[in-house]
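Trainee: return a 3D structure for these sequence lines:
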Amino acid sequence: MKEIMKCPKCGFYTMKRVCPICGSKTEIAKPPKFSPDDKYASYVRIAKEEERIRLGLLKK
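Mentor: Numbers count the residues shown, from 1 in each chain. Have a look, this model is predicted:
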């Protein structure tokens, strides 16, 4: 079964294990499976909020 892959360097989507644009190794493009018991969810929320503040999309 083929999966959609994404190049971490240039962001190109492909079905190949090596990016045809820049030649780097591609990664699976699917997000991780959601779990309500995710022990890292609070860290993800904090990181997203800090990123939005840095971009000026949210005021602290």
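
Trainee: residue nearest the centroid of the chain?
Mentor: By CA atoms, centre = their mean, the chain has its centre lying nearest to residue 31, at 6.9 Å.

Trainee: ok, now which ones touch it?
Mentor: Counting by CB atoms under 8 Å, 6 or more residues apart in numbering, residue 31 touches no other residue. C-betas here are computed from N, CA, C, even on glycine.

Trainee: helices along this protein, start to end?
Mentor: Along the chain, counting by DSSP state H, helices occupy 41-55.

Trainee: quick one: mean pLDDT over stretch 14-30.
Mentor: Throughout stretch 14-30, pLDDT has a mean value of 93.

Trainee: ends of it, what's the gap?
Mentor: Between the start and the finish of stretch 14-30 there is a gap of 13 Å, counting by CA to CA, to the nearest Å.

Trainee: buried residues, it. List them.
Mentor: 19, 26 (16 or more other CB atoms under 10 Å).

Trainee: show me how far that stretch is from its chain's centre.
Mentor: 14 Å (CA atoms, centre = their mean, to the nearest Å).

Trainee: that's all I had, so thanks and see you.
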